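Engineer: Okay, here's the prediction I keep looking at, along with the sequence it came from:
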Amino acid sequence: MPIPTTDRSYQLPPLGQNPSSTAQGTTPGSFALRPALHPGRAGALTFASPDTPGMPAPSEKTAWDFLPADWTLRPGYGVGAGELSHEQAAAWQPPAQFQPITQLEFARVGVITAEMKRVAEREPHLSPEQVRDEVAAGRMVIPANKVHLQYQLDPMAIGRASKTKVNANMGASPVSSSTDEEVEKLKWAERWGADTVMDLSTGGDLDACREAIVRNSTVPIGTVPIYSMIIGRRIEDLTPEMILESLKQQAAQGVDYFTIHAGVQREHLPFIKQRLIGIVSRGGSLLAKWMIVHGKQNPMYDHWEAICDVMREYDVTFSIGDGLRPGGLADATDQAQLAELVTLGELTERAWRKGVQVMVEGPGHVPFDQIEFNMKLQRRLCHGAPFYVLGPLVTDIFPGYDHITSCIGATAAGYHGAAMLCYVTPKEHLGLPKKDDVKQGCVAYKIAAHAADVALGIPGSRDRDDELTKARAALNWQKHFELSFDPDTARAYHDEDLDVDTDFCAMCGHDWCSVRISKEIVEFTSGKDETYKWEKAKVTAALTPEQQEILAKRGVLSPEEIHRLAAKTKKVMTSEADKASCHSDYVDPDTAKKLQEKQGQIVELTLP
């Protein structure tokens, strides 16, 4: 009987853009779709994941299909055979008295603003013309209030053609924090890579806190204005006049984007009854109560055009809120959430007709298998408007670790279409985040955003990874740490076990170091890049105060051991000249091994 053969051949999927500028290494590149940076609907799949069967297709429309009613389509332009595309400035005649105010309106008339040029400088894979075209299509926003531009704001963009962005939330509550503490957290969030910050204060002097944050911020600031609207009054006393007055005040302060929960409608409320955890959005729950008390439609929805007029005046961007987002896996992708999403698509169209920039907010708590559908349904219903998602959390049983559970979902969300990820900190569901919580949330979400960019094949997104890999292969520890996102933590963790930069680390020791062995194999290029070449092992520099704090929090080393690493006294690891060791002190590898063995910090494994 013949022995059946096994087909062991394989074929790679279609390849997208290589995220390395110079295609370094041996990987074939990205498995995402090849980017198609084109104006209008032709660019709908720029930096996109391949669709799993059954996923919603992109919308056939863009912001070009939702211009003001008094704009006229010029002859020869349209969607018919033989007509030139209507998705360009040349196709439209605005009214004679029209003057562009918002970034969207400038893009519609073909103008490249100073803010668009700055975005292109910060996104080197995009040209100013491409930035303008993405803004005109509604797929990109530049949150830049005209007032904030007079302070310290450095313009940036949110959209799937740009790199994935991260938002950090903060704000004083009635029981915790203050204005000074919030400004300190703002600067801390900026240090750790937050691209925007939302002030969600619900206590203290909200106006003063907001003013301080805007004036001190280099990144766009967002708010949820309804929080201020109900200070000192009951939600049921809120009137349309109060809504517009509060929005005008915050816009005049320089807030760059507003979360407005206009998508929660009366007809959606019956869908909440059987949810395990009801409405978890503060804005959504407040407006639900208003509608129930008054027996009327959501006032934010009914007065949407008037709200748009206020926002257009200052070029405030909409972040249309998801007031019915799920608060647990059991309520994800349910009728309430999706009914609201349909309304968010309608509100997007209405805002575009008023010339206002739009991004849309999304869930929340979503099982991993449902994330792609959620991202791509929003892409279709909201015509590619940037999707700004919280997490999503992919499990509910890890309070205290929700920055991890959510950044797993955030990575998938970014790959499947989300343009900005709202961070979650270890304090999520438990309390107001403190300074270190802000750092942990920012770092987790920078990981998610960067992983999504590499997977999507955004040009140059992997370059720093490749340089760090070459430094690691060369066992050049100093360059390794300099290229890392958090050099202090990386250096402190290394020196905790082995405070010598040599050709091995404490994980494997000298004899078992695969990286060292690969470097020694002449036929391999690994570790031989001249840029990262080094000659001698070095005793590391004394720990900085930041590094000492990192190790103290870990609790692995005693205070005395941390002091030794911080002081590098004559007693420990002295150089030949009997002076205190410093970063310039060289030791040979054998000496480094013996010194570490003497301190009991490394154990070499030997075969029997």
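Structural biologist: Ah, there it is. Numbers count the residues shown, from 1 in each chain.
Engineer: Which of the helices and strands in this protein ranks last by mean pLDDT?
Structural biologist: Ranked by mean pLDDT, DSSP states H and E, the weakest helix or strand in the chain is strand 586-587, scoring a mean of 53.
Engineer: Show me where the stretch 101-250 of the chain has its helices.
Structural biologist: Remark: helices assigned in the stretch 101-250 of the chain by DSSP state H, counting those that start in this stretch are 103-108, 114-122, 128-136, 179-191, 206-216, 226-229, 240-253.
Engineer: For the fifth one, which helices and strands make contact with it?
Structural biologist: Counting contacts by 3 or more C-beta pairs under 8 Å, 6 or more residues apart in numbering; DSSP states H and E, helix 206-216 is packed against helix 179-191, strand 196-199, strand 221-223, helix 226-229, helix 240-253. Glycine gets a C-beta too; all of them are placed from N, C-alpha and C.
Engineer: Of these, which is nearest A542?
Structural biologist: With C-beta to C-beta as the criterion, A542 lies closest to helix 179-191 of the helices and strands packed on helix 206-216, at 22.8 Å.
Engineer: quick one: Q337 and D322 touch, right?
Structural biologist: Yes: if you go by C-beta atoms under 8 Å, Q337 and D322 touch, sitting 7.4 Å apart.
Engineer: The two: which has the busier surroundings?
Structural biologist: D322 (27 against 23; other C-beta atoms under 10 Å).
Engineer: Now for the more buried one: which residues touch it?
Structural biologist: 261, 263, 281, 284, 337, 340-341, 344, 360-364 (C-beta atoms under 8 Å, 6 or more residues apart in numbering).
Engineer: how near is the nearest residue to P95 once chain neighbours are set aside to A57?
Structural biologist: Sequence neighbours aside, D70 is the residue nearest to P95 in space, at 5.0 Å (criterion: C-beta to C-beta, 6 or more residues apart in numbering). Using C-beta to C-beta, to the nearest Å, one gets 32 Å for the distance from D70 to A57.
Engineer: sorry, back to before: taking the contacts of D322 one by one, which sit in helices?
Structural biologist: Of these, the ones assigned to helices by DSSP state H are G284, Q337, E340, L341, L344.
Engineer: Check the gap between the residue nearest the centre of the chain and Y415 for me.
Structural biologist: Nearest to the mean C-alpha position of the chain, by C-alpha atoms, centre = their mean, lies V166 at 2.2 Å. Distance, V166 to Y415, using C-beta to C-beta: 15 Å.
Engineer: Can you list the buried residues in stretch 262-280?
Structural biologist: A262, G263, V264, Q265, H268, F271, I272, R275, G278, I279, V280 (16 or more other C-beta atoms under 10 Å).
Engineer: ok, now which ones touch the last one?
Structural biologist: Put plainly, it is V280. Applying C-beta under 8 Å, 6+ apart to V280 gives the contacts R325, P326, G327, G364.
Engineer: can you check the second one too?
Structural biologist: Going by C-beta under 8 Å, 6+ apart, G263 touches Y301, I320, G321, D322, G323, L324, E340, L341, T343, L344, L347.
Engineer: go on, the third one?
Structural biologist: Each residue near V264 by C-beta under 8 Å, 6+ apart is listed here: G284, L287, A288, M291, N298, Y301, G323, L324, E340.
Engineer: Export those as TSV, with columns for neighbour count, pLDDT and distance to D51.
Structural biologist: Converted to TSV, the contacts of V264 look like this (neighbours: other C-beta atoms under 10 Å; pLDDT from 0 to 100; distance: C-beta to C-beta, whole Å):
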residue	neighbour count	pLDDT	distance to D51
G284	25	97	30
L287	27	97	34
A288	24	97	34
M291	21	98	37
N298	22	98	33
Y301	21	98	32
G323	31	97	28
L324	34	97	26
E340	24	98	24
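Engineer: what residue ranges in this protein score low on pLDDT?
Structural biologist: 174-177, 568-608 (pLDDT under 70).
Engineer: by how many degrees do the longest helix seen in it and helix 179-191 diverge?
Structural biologist: Ranked by number of residues, the top helix in the chain under DSSP H is helix 435-456. Using axes from the mean of the first three to the mean of the last three C-alpha atoms, to 10 degrees, the interaxial angle of helix 435-456 with respect to helix 179-191 works out to 30 degrees.
Engineer: Mind giving me the packing neighbours of helix 435-456?
Structural biologist: Using 3+ C-beta pairs under 8 Å, 6+ apart, the elements in contact with helix 435-456 are strand 165-170, helix 179-191, helix 402-415, strand 420-422.
Engineer: coming back round to it: ok, which pair from the ones in helices among the contacts of D322 is furthest apart?
Structural biologist: Largest pairwise distance in those, by C-beta to C-beta, is 13.1 Å, between G284 and L341.
Engineer: contacting residues for M242?
Structural biologist: Listed by C-beta under 8 Å, 6+ apart, the contact set of M242 reads M229, R233.
Engineer: How about the contacts made by S178?
Structural biologist: Contacts for S178 (C-beta under 8 Å, 6+ apart) come out as A172, G204.
Engineer: measure stretch 526-546 end to end?
Structural biologist: End-to-end distance of stretch 526-546 (C-alpha to C-alpha, to the nearest Å): 33 Å.
Engineer: Use 537 as the first number for this chain going forward.
Structural biologist: Got it, first residue is 537 now, which makes that one stretch 1062-1082.
Engineer: related to what we said a few turns ago, right, so of the helices of the stretch 637-786 of the chain, which gets closest to S1020?
Structural biologist: helix 715-727 (14.9 Å).
Engineer: Report the buried residues of that closest one.
Structural biologist: Applying 16+ other C-beta under 10 Å to helix 715-727 flags T715, E717, E718, V719, E720, K721, L722, W724, A725, E726 as buried.
Engineer: Y1029 is in contact with H1016, correct?
Structural biologist: No: under the criterion of C-beta under 8 Å, H1016 makes no contact with Y1029, lying 11.7 Å away.
Engineer: More neighbours: the two, which one.
Structural biologist: Shown here are H1016 and Y1029; by other C-beta under 10 Å, H1016 has more neighbours (24 against 17).
Engineer: Which residue is the nearest non-sequential neighbour of that one?
Structural biologist: Counting by C-beta to C-beta, 6+ apart, the nearest residue to H1016 once its immediate chain neighbours are dropped is A1007, at 4.5 Å.
Engineer: Give me the buried positions along the one helix or strand that neighbour maps to.
Structural biologist: According to DSSP states H and E, A1007 maps onto helix 999-1009. By neighbour count on 16+ other C-beta under 10 Å, the buried set for helix 999-1009 is D1001, D1002, E1003, L1004, T1005, K1006, A1007, R1008, A1009.
Engineer: Give me the helices and strands touching that helix, please.
Structural biologist: Packing partners of helix 999-1009 (3+ C-beta pairs under 8 Å, 6+ apart): helix 1013-1018, helix 1050-1056.
Engineer: Wasn't D932 part of a strand?
Structural biologist: No: assigned with DSSP: H, G, I helix; E, B strand; the rest coil, D932 falls outside any strand and is coil.
Engineer: I'd like to know how far it sits from G863.
Structural biologist: Per C-beta to C-beta, D932 is found 9 Å from G863.
Engineer: More neighbours: which of those two?
Structural biologist: Taking other C-beta under 10 Å, D932 and G863 do not tie; G863 has more neighbours (21 against 16).
Engineer: Is it correct that the more buried one is in contact with L926?
Structural biologist: No: contact criterion C-beta under 8 Å: G863 and L926 do not qualify, at 10.6 Å.
Engineer: Which residues are in contact with each of these two?
Structural biologist: G900.
Engineer: what comes up buried for stretch 961-976?
Structural biologist: T961, P962, K963, E964, L968, P969, K970, D973, V974, K975, Q976.
Engineer: tell me the contacts of the second one?
Structural biologist: To tie it back to what came earlier, the one meant is P962. Neighbour list for P962: G936, Y937, D938, H939, P969, D973, Q976, G977 [criterion: C-beta under 8 Å, 6+ apart].
Engineer: what's the farthest-apart pair in the residues you listed?
Structural biologist: Y937 and P969 (13.8 Å).
Engineer: Over to W888. Which of the three states is it?
Structural biologist: helix.
Engineer: Fine, thanks again, bye for now.
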